[in-house]
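Undergrad: this one's structure only:
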């Protein structure tokens, strides 16, 4: 607590549910939005912008349902615009919808740029100032806390700084508790943000906020520069989702503010959960999570080069800007062709795979041999792990693929077809079955699952998530080695396996079989760990805590 | 020209081929690297770092092959480290490999941080300064231009700025033409970068460079801040590929420097090509292109919100920070494939394909329909061309695929097998034949060639060079649409075709058929042109020069 009190308080305003959904391809149901809002509340953000109740009935329903939630840290904010020109605030449908939403906080945006006032609103500069002031005052008079978003602030200030400042002062006169400087087009650079924020802090005072977009790749830096200049309110989205190139990425900004800029912006002790929240949001939004994202990605602390790996052993912080544990992440050593015995043993230890005395040379030998044949274990840890597990004494495979046949083709004037027949041995019993698919790989996948579901019903929760193919040396054309990477997931974890063969089907099958075997092993490990300790494991945290258990 | 001369010259140093390949999951063949290098040279970067010849035989081969290329703007750089402690420069295998590579530029990294000098190198601070100076001097004495990368510069300067500056002075004494400040761990923030660069410009002088990593999401802002403080050499990678969270993204930095910071950093007039280069690199690396990337992503100027769209109509620049045409992009309003008619006609003209009066709408319609089904013509021009050619009046296909069947499988204890049967119609005659292969695609390829060789003996000179497969929406697992890109070559030229289907075989076959048809067309065109003019056409360069001719 005493440590916290020495830090600058910065309020995080999350707009994933409103501005974030402007990203192409995102569409969230009301229940999705509630799920994300609960995660954000647990993380300890100050404000959650739920949506625009005046624009969309789904958003109005969200605010109705949010009234029954006991929020612990966050205040729900409804978004809208200042009133229309020539309409009294109490007659403006959009402002009335904000009040009716029941949200304790209303955020409204207004125009800063004279160009926009003249070209888009088509009113006088003074009329715009009155419109900003009385819109804010109406909401404050209705018992709401009001945040004012100054749209196009930086472009407007570049045109006429005096007028831009006047719009903020109008909002303040109306009773706005925060004035937020929006870089709506996302093209402003950090030093300009810093200097404008300094001006606003000096000339307007009170709580100043920043709302940045990433069109010049500087949304994070712009938000940090604003805080350095005195802003204490930062708007952004989880994973940087948003229109065009996205909004400022809170999963990057929050750790930097907390770890490098001496700020307190979320619940004390919650920082290690930020990666989990980032994954949940990606999952709910049905988007592939960016594993290279700062702080939270799986690759954020992954080391591939031999020089780096050697240096990391000697001096753990040599190639890491912060301790990964502070953000719930960990150092990973990527297993690849260049990796030595040390890397391999470190990996085995990390996953609690016991390598029998003297067997490490055999595992390493097989690793090298397979890599020479085209396998790539650096991004397929599950296959590397299986290779080690299969060398353990007493290893019994959950199933064995005996043989298979696939027929694909097309008769003139008909649709293409794909049929797979497969023979699998499970605990000594052979299951021979067949299935169709859209193509040969989906037919094989379907047949394999069909053959295994009776013995392993948990296979239903293992999904194939992604599938990548690469020809290794294009010079040999279609006879060259094909490398297939397959991603599976079970809702809590995601893993990658690899296959390589001159035949794309053979390579796919090797990777599919590994992926399913690893999934079955994870399901077994999870049942056993539940039986031992009543751990509250869910989502990504689960992988984290298993890792910690395994490492301990 | 007069306009250019008023701009600050900033040299771009691309390390996609070396630091970029440290990204998890990237592995580039020598031919991939050459292809990317040619694109970078055409774009007009000053330096292309090809690899680390002392660490890897693949990189040594690249430098051998690069000697035969007539580079137009870029100097090839070989990367390595300063010599080992206790070894004379001329006896250091790594320095000797740099000289032997034949690259005109050598870039070597050395230690800045006293902590690293003591803990990792385990030598005295003075010994490190001597080691830096004589390593640089050895390379300069061997006739090389030398760039010195000061590893961990910012961390080192934070520990002991005086010593950090001394390491740069040592490199300068040795003859380094550029000293590059590396934020190796990627955790430095923009204002610190700016202030340290100002110090180096003042205390060391000469050409100062920046090498940033994105671990705090500030690599772009850090690079821009360094230029603002006087750096005139920027290192980074296309699409920001690199270890952990990646390197500074040149596809964001270059447009910002050129359009917002008054710098000239690539070939005059080349900026609109930057998006194409970004996509080619992603395709060659077999990574999904980030469509939300600043400037170059499809979504970078896409407007989804109704308010924005209405405002854009009234005032085109309302929600765009730069004119998208400057970076070869365009405003998109709806989520549809808006390939412009003008684009298409320009392409047809470039390749001398006559589109019949009124047929352009039909071609455009088919292009959109196919793109919606998963085809990508961006990097598969031969397929786009064939689509146009097939709409020409009087078009007669050289052959038609009638039907096919492939059987692949494996019986317990035997090798996998793949048999393809194929029916092809050539000038009204049906050829029904079969062939074996290592896998289903090679069996189909073999059968197709066998069916065609009697009618088209020139097929023997057409080789399948590369083959890439991507699942478009991984979330549907094996049933998702598969996109296959196939590269063929005939010794003189190389071309790419595309196929898309839920079945990988179907998609492969579409691309194979297109690739062979285009090859037969090229053979015919070459016979006809030889009869007319003796053209000196060779390899990929030819495509480049055709592009340049078409643009002129």
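TA: Nice, thanks for sending it over. All figures in this text were calculated on a predicted structure; none of them were measured in a lab. Residues are numbered from 1 along each chain as shown, chains lettered A, B, ... in the order given.

Undergrad: is the one residue in the stretch 251-400 of chain A that gets nearest to chain B in a helix, a strand, or coil?
TA: Closest contact between the stretch 251-400 of chain A and chain B, by CB to the nearest CB, is at residue A:321 (2.5 Å). C-betas here are computed from N, CA, C, even on glycine. Using DSSP: H, G, I helix; E, B strand; the rest coil as the criterion, the local structure at residue A:321 reads coil.

Undergrad: can you pull the contacts of it?
TA: Applying CB atoms under 8 Å, 6 or more residues apart in numbering or on different chains to residue A:321 gives the contacts B:185, B:186, B:187, B:188, B:215, B:216.

Undergrad: 10 Å instead, please
TA: Applying CB atoms under 10 Å, 6 or more residues apart in numbering or on different chains, one finds that residue A:321 lies in contact with A:256, A:259-260, A:294-295, A:300-301, B:154-155, B:183-188, B:213, B:215-216, B:244-245.

Undergrad: the stretch 1-150 of chain A: helices as residue ranges?
TA: A:2-5, A:30-43, A:57-66, A:93-100, A:114-116, A:125-141 (DSSP state H, counting those that start in this stretch).

Undergrad: most remote residue from chain A's center?
TA: Distance to the chain centre peaks in chain A at residue A:412, reaching 46.2 Å (criterion: CA atoms, centre = their mean).

Undergrad: A strand includes that residue, no?
TA: No. With three-state DSSP as the criterion, residue A:412 is coil rather than part of a strand.

Undergrad: isn't it up against residue B:422?
TA: No. Applying CB atoms under 10 Å, one finds residue A:412 not in contact with residue B:422, separated by 11.9 Å.

Undergrad: quick check: neighbours shared by those two?
TA: B:401, B:402, B:403, B:404.

Undergrad: can I get these in JSON lines including pLDDT, secondary structure and distance to residue A:194?
TA: As requested, these are exported to JSON lines (pLDDT from 0 to 100; DSSP: H, G, I helix; E, B strand; the rest coil; distance: CB to CB, whole Å):
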{"residue": "B:401", "pLDDT": "92", "secondary structure": "strand", "distance to residue A:194": "63"}
{"residue": "B:402", "pLDDT": "92", "secondary structure": "strand", "distance to residue A:194": "68"}
{"residue": "B:403", "pLDDT": "92", "secondary structure": "strand", "distance to residue A:194": "67"}
{"residue": "B:404", "pLDDT": "93", "secondary structure": "strand", "distance to residue A:194": "64"}
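
Undergrad: who wins on neighbours among those residues?
TA: Neighbour count (other CB atoms under 10 Å in any protein chain shown) singles out residue B:404 as the most crowded of the shared contacts of residue A:412 and residue B:422, with 24 neighbours.

Undergrad: roughly how far does the closest residue to that residue other than its chain neighbours sit from residue B:452?
TA: Distances taken as CB to CB, 6 or more residues apart in numbering or on different chains put residue B:422 closest to residue B:404, at 4.6 Å, once the chain neighbours are dropped. When distances are taken as CB to CB, to the nearest Å, residue B:422 and residue B:452 turn out to be 10 Å apart.

Undergrad: do the same with residue A:287
TA: Distance check for residue A:287 against residue B:452: by CB to CB, it reads 44 Å.

Undergrad: contacts only, for residue A:365.
TA: When the contact criterion is CB under 10 Å, 6+ apart, residue A:365 has no partners at all.

Undergrad: residue A:58 against residue A:18, yeah?
TA: No. The criterion here is CB under 10 Å, and residue A:58 misses it with residue A:18 at 11.5 Å.

Undergrad: and for those two, which residues touch both?
TA: With the criterion set as CB under 10 Å, 6+ apart, the overlap between the contacts of residue A:58 and residue A:18 is A:33, A:51, A:52.
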